[in-house]
Each structure stands twice: as C-alpha cells, then as structure tokens.
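Novice: turn this into a structure:
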Amino acid sequence: MSLISGWKGWRQFKKLPWDWRTIVMYSESGQDWHQFSGLVDYLNNELGRKVCYVTSDTRDAGLQRRHENFKSICIPEGLFLTIFFQVNQSDLFVLTMMDLQNLQLKRSTWPVHYVYLFHSMGSTHMVDHENSFDHYETLFCTGPHQVAEIRKREELKKLPAKQLFDYGHPRLEEIIARGQSYPANKPSGQGATVLIAPTWGVDSIFNTCGKQLISVLLDAGYHVIMRPHYQSNRQTPEVITALREAFKGRDHFEYIGQMGETDSIMRSDVLVSDWSAMALEYSMGLEKPVLFIDVPRRIRNPNWQELGIEPIETTIREQVGEIVSPRALDQAPAAIERLISDPEHFREKMRELRETMVFRLGHSVPDGAAEIARLADECETARRQRDHA
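Specialist: Purely as a prediction, here's the structure:
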C-alpha cells in the first residue's frame, strides 16, 4: 500500500503548477508539524503566499489543514520518496531533516535552494554527525552558538559559506507562553515533582542508572515522573518495560509514554536529564532548574573537538542547574533542594540568559516567514532567468 500511496503522492506533486512549487516544505514525521505550522500560517495569511507541504506521515496534522494558499501531499518512505527528492523541481525547499545528501535522501538533480530549520537549540558538532548540515544553502539558526560552530567548520574544511539566518526558536516562545499561563495550583505541603526525561541511547539515564535514581528520588519523598524519549521505546523497549514494572504501584511514581504530552513538563518543579537538548527549552522556557546526571556524552561526531568550541550542552549545565555523578546518586536530593530553594532568583537569571542565547525572542515566526518569502522570490527570479537564457 505504501508503494501505491507513494506513487499517487509523487504524481500529485508532479502535476502541480510552478506557483505551488515556489515554497515547498517537507516533514519526515507529524511530530515536526509544530516546527512548520506557525510559518505556514503566516505565509498563507499575512504574506498571502502559497505553500506546498509534503509529509511522509499519514497522521501528520498538516494533512488536515484547509486553506486556499495551502496544499498538502503525503509521500510515505520508500521508493517514490527517494525519487521525489532526487528529481524534485521546486524553487525553495524547507525541511527539518538532517543529513540531506548523506543518507538515502539526496539533493535534487535540479537547482533547488534548501533551507534547514533547526529543531532544537543544541550545538551542531557533537551530538550530530560531522557533515549533517553541509548540504543546505541556508540554515535558520536558533542562537549565536550555532552560527559560530557552522562558520568554524566552514573555515576548517574550506566549505562554501552558507546563508545563516538569525531565526530563533518558536518552540521556546511557545513554552514561555504556556509556562506563564499555566495555573500554579499545587496544594500546600505537597512535595516537589521531579520529571526524569533524558535522551536515548545505551548511555542514557534509563539505560545506565535509571532504577537506582528513581529509587533514591522516591525514597526522598518526591513525586517522580518517568518520561522516556520515544526512541528509547523503539531502541531498548525492554529497559523501559523493566523500569515500569519495578515501580508499578509505588506511591508517587508516574509513567508518561505519550509523545507530544506537555502537562508533565508544566507540572514538574525540576527536570532530571543528561545530554538532551530539552534541558535548554525547559530551563530557559519554563524558568525551572535542571539536574544533570553525568553519564557519558552522546557523541555522533568523533571529531567534534576539532572546532575548539565546547558544545552548548556542556557550557549551559552549571548556568541552569547542577551536575551529579551516576556514582553518587545519593547526592541528587540535596542538589534538587538547592536548585528549587530560590525560584524567583532562578527565573530572573533564565530571562537574562535567553536574551543573549536565543535570536528574535517573540519575533521568530513573522521574521522567519518573511525571510522564506524573500528567498523564494530570489529563487523564482533566478529560475526565470535560467529559462530565458
């Protein structure tokens, strides 16, 4: 069925006139719709621009959007998605997918301008592959750290300079707004709520010291929420199942397995994490502290130190929280008490920090949409010139 639906989606795209291919967006998963929805809405309404949205997820909310300036097409993973990428004819192609050209999905054989939207505030050179961002013309960066990292790699590897747009992070703006409107109605005398939400992989918290950590926090009287990364349930489901079973029925233990769920984030008083970029959004967005368990770094680029730049995942730790060794988890409760002892001071510190670390707070979507429209106009003009040459 996926082969047939892929063929239908590919045929549907091929039949589109050029005015529907000036701005094309591609989403691997419906989880990425929140990265596109604000930009799509602004382009469609305030700027009156047509957008063609291609997704590989049949459950993508973008497929349900109805607007005269919006078309959505589903091309599932497989043969016809590969073909779509290789021979796609469009002016501007916007995506959140890393590693274009490095894996099975390649750049088009036609002249297409590729724009990458960073989906997290993390650094570009340790957690991601060394060349993950080499094959895009434009990168929409969340903050100055990403600009510095990309430019340093271009200098070291003698790569062509990309267009780097100071975009910001709409997701952070959404979290700030939700945090400010979330009712603070915790009953008097109730203990702190601790959210454990690490990254995934063999060295992540749940895979290395999850059972001991949860035991320590429950014994200290905290309400503990276990919220694994969705990839953990895919890669090591037996680890997650074993932890759930170990604490099943225990007072003040809660498991959250639903992707996209945010209530647990809002209810919590402190986040316990490792190398997840979620720690940046949590601390600077909700203005709440993070306790970092110092498990081994998650490294996909063995040459990350070549840049001579420490990743933000490292430099941010002592600014937004404390670090505890997995061999000294008994120190976690005392660290949490220190972190939550003066919430107003911490909130003020986070407001100052995000002003220096994140571009265009409060303006990322309208400014980003305007930049997409500008780039699309440039690309359309260049195509018309090529056609008449």
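Novice: every contact and neighbour count from this point should use C-alpha atoms.
Specialist: Fine.
Novice: so where is the stretch 51-200 of the chain shaky, pLDDT-wise?
Specialist: When residues are selected by pLDDT under 70, those of the stretch 51-200 of the chain lie in 185-190.
Novice: quick one, strands of it?
Specialist: Ranges of strands in the stretch 51-200 of the chain, per DSSP state E, counting those that start in this stretch, are 51-55, 70-74, 92-95, 113-117, 138-141, 163-166, 193-196.
Novice: elements contacting the third one?
Specialist: Right, the one you point to is strand 92-95. Judged by 3 or more Cα pairs under 8 Å, 6 or more residues apart in numbering; DSSP states H and E, the packing partners of strand 92-95 are strand 23-27, strand 113-117, helix 364-388.
Novice: of the ones you listed, which is nearest residue 324?
Specialist: strand 113-117 (32.9 Å; Cα to Cα).
Novice: switch the helices and strands packed on strand 92-95 over to CSV; also include mean neighbour count and distance to residue 301.
Specialist: Formatted as CSV, these follow (neighbours: other Cα atoms under 10 Å; distance: least, Cα to Cα, whole Å):
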stretch, mean neighbour count, distance to residue 301
strand 23-27, 23, 24
strand 113-117, 22, 19
helix 364-388, 16, 29
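Novice: need those in a markdown table with distance to residue 161, can you?
Specialist: Converted to a markdown table, the helices and strands packed on strand 92-95 look like this (distance: least, Cα to Cα, whole Å):
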| stretch | distance to residue 161 |
| --- | --- |
| strand 23-27 | 23 |
| strand 113-117 | 14 |
| helix 364-388 | 16 |
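Novice: for residue 205, which non-adjacent residue is spatially closest?
Specialist: residue 198 (6.2 Å; Cα to Cα, 6 or more residues apart in numbering).
Novice: I'd say that neighbour and residue 273 touch.
Specialist: Yes: counting by Cα atoms under 8 Å, residue 198 does reach residue 273; the two are 4.4 Å apart.
Novice: name the residues contacting each of the two.
Specialist: residue 205 (Cα atoms under 8 Å, 6 or more residues apart in numbering).
Novice: strands along the stretch 251-389 of the chain, start to end?
Specialist: 253-255, 270-273, 290-293, 321-324.
Novice: most tightly packed of those?
Specialist: Comparing the strands of the stretch 251-389 of the chain by mean neighbour count (mean count of other Cα atoms under 10 Å), strand 290-293 comes out on top with a mean of 26.
Novice: that strand: how far from the chain's middle?
Specialist: Taking Cα atoms, centre = their mean, to the nearest Å, one finds strand 290-293 lying 19 Å from the centre of the chain it belongs to.
Novice: and it, which strands flank it?
Specialist: strand 270-273 (parallel), strand 321-324 (parallel) (DSSP bridges).
Novice: and of these, who's closest to residue 218?
Specialist: When those are compared by Cα to Cα, strand 270-273 sits nearest residue 218, at 13.4 Å.
Novice: what's around residue 203, how many residues?
Specialist: As a burial measure, residue 203 scores 15 neighbours (other Cα atoms under 10 Å).
Novice: quick check: it touching residue 293?
Specialist: No: applying Cα under 8 Å, one finds residue 203 not in contact with residue 293, separated by 11.0 Å.
Novice: return stretch 204-224 as PDB; C-alpha atoms alone will do.
Specialist: Output in PDB follows, covering the C-alpha atoms of stretch 204-224 (Å, rounded to 0.1, in the frame of the first residue of the first chain):
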ATOM      1  CA  SER A 204      21.300   7.500  28.700                       C
ATOM      2  CA  ILE A 205      20.000   7.700  32.300                       C
ATOM      3  CA  PHE A 206      17.300   4.900  32.000                       C
ATOM      4  CA  ASN A 207      19.800   2.500  30.400                       C
ATOM      5  CA  THR A 208      22.600   3.100  32.900                       C
ATOM      6  CA  CYS A 209      21.300   4.100  36.300                       C
ATOM      7  CA  GLY A 210      17.500   4.600  36.000                       C
ATOM      8  CA  LYS A 211      16.400   2.100  38.700                       C
ATOM      9  CA  GLN A 212      18.800   3.500  41.300                       C
ATOM     10  CA  LEU A 213      17.900   7.100  40.500                       C
ATOM     11  CA  ILE A 214      14.200   6.600  40.700                       C
ATOM     12  CA  SER A 215      14.500   4.700  44.000                       C
ATOM     13  CA  VAL A 216      16.600   7.500  45.500                       C
ATOM     14  CA  LEU A 217      14.100  10.200  44.500                       C
ATOM     15  CA  LEU A 218      11.100   8.300  45.600                       C
ATOM     16  CA  ASP A 219      12.700   7.500  49.000                       C
ATOM     17  CA  ALA A 220      13.400  11.200  49.400                       C
ATOM     18  CA  GLY A 221       9.700  11.900  49.100                       C
ATOM     19  CA  TYR A 222       9.500  13.400  45.600                       C
ATOM     20  CA  HIS A 223       6.700  12.700  43.100                       C
ATOM     21  CA  VAL A 224       8.700  11.200  40.300                       C
END
